[in-house]
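[1] Generate coordinates for the sequence data below:
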Amino acid sequence: MLLTVFLRHDQSQHLEQIQAGLDERDWWNGFPPEGCEIVSWVVAMGVGQIVTLRLPTRLLNTVNVELERRAWGVFSTEFYPTYDFMPVRERLRRESNERVSR
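    Next up, the predicted model:
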């Protein structure tokens, strides 16, 4: 599965406080947990960081626990489970073209 995680910045803290909180929680070594692949990790200015992970569904609870352990108190979090729509889109496009060409 894919999981998109919004890590919203706590704007009551300045950058040094945020970094200290992440260091305290061993964020950079502990997240994401083993078995997860980072698909993308971007910063959206004024929002925070947006991370997309690819992981087996059996690790969803592990990701949740690691975010509770390491991100809470530094970020507020939002989660969006997703899936790769490209194969479905291609199938739907082919089926549509077949219908139209009849």
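[2] Can you give me the buried ones in the helix or strand containing residue 20?
    Counting by DSSP states H and E, the element that carries residue 20 is helix 15-24. Residues of helix 15-24 classed as buried: 18, 21, 22 (neighbour count, 16 or more other Cβ atoms under 10 Å). Where you see a C-beta, it was placed from the backbone N, CA and C, and this is true even at glycine.
[3] ok, now which ones touch the residue nearest to the first one when sequence neighbours are not counted?
    The one in question is residue 18. Nearest non-adjacent residue to residue 18, counting by Cβ to Cβ, 6 or more residues apart in numbering: residue 74, 5.7 Å away. Taking Cβ atoms under 8 Å, 6 or more residues apart in numbering, we find residue 74 in contact with 10, 13, 18, 21, 22, 25, 27.
[4] ok, these vs residue 68, which is closest?
    residue 25 (10.5 Å; Cβ to Cβ).
[5] quick one, phi/psi of the closest one?
    Backbone torsions of residue 25, given as degrees, to the nearest 10, read phi -100, psi 10.
[6] cool, residue 34 as well?
    phi -60, psi 140.
[7] give the contact list for it.
    Residue 34 neighbours (Cβ under 8 Å, 6+ apart): none.
[8] ok, now with 10 Å
    With contacts defined as Cβ atoms under 10 Å, 6 or more residues apart in numbering, the neighbours of residue 34 are 59, 62.
[9] Check the gap between it and residue 98 for me.
    44 Å (Cβ to Cβ, to the nearest Å).
[10] Thank you, goodbye.
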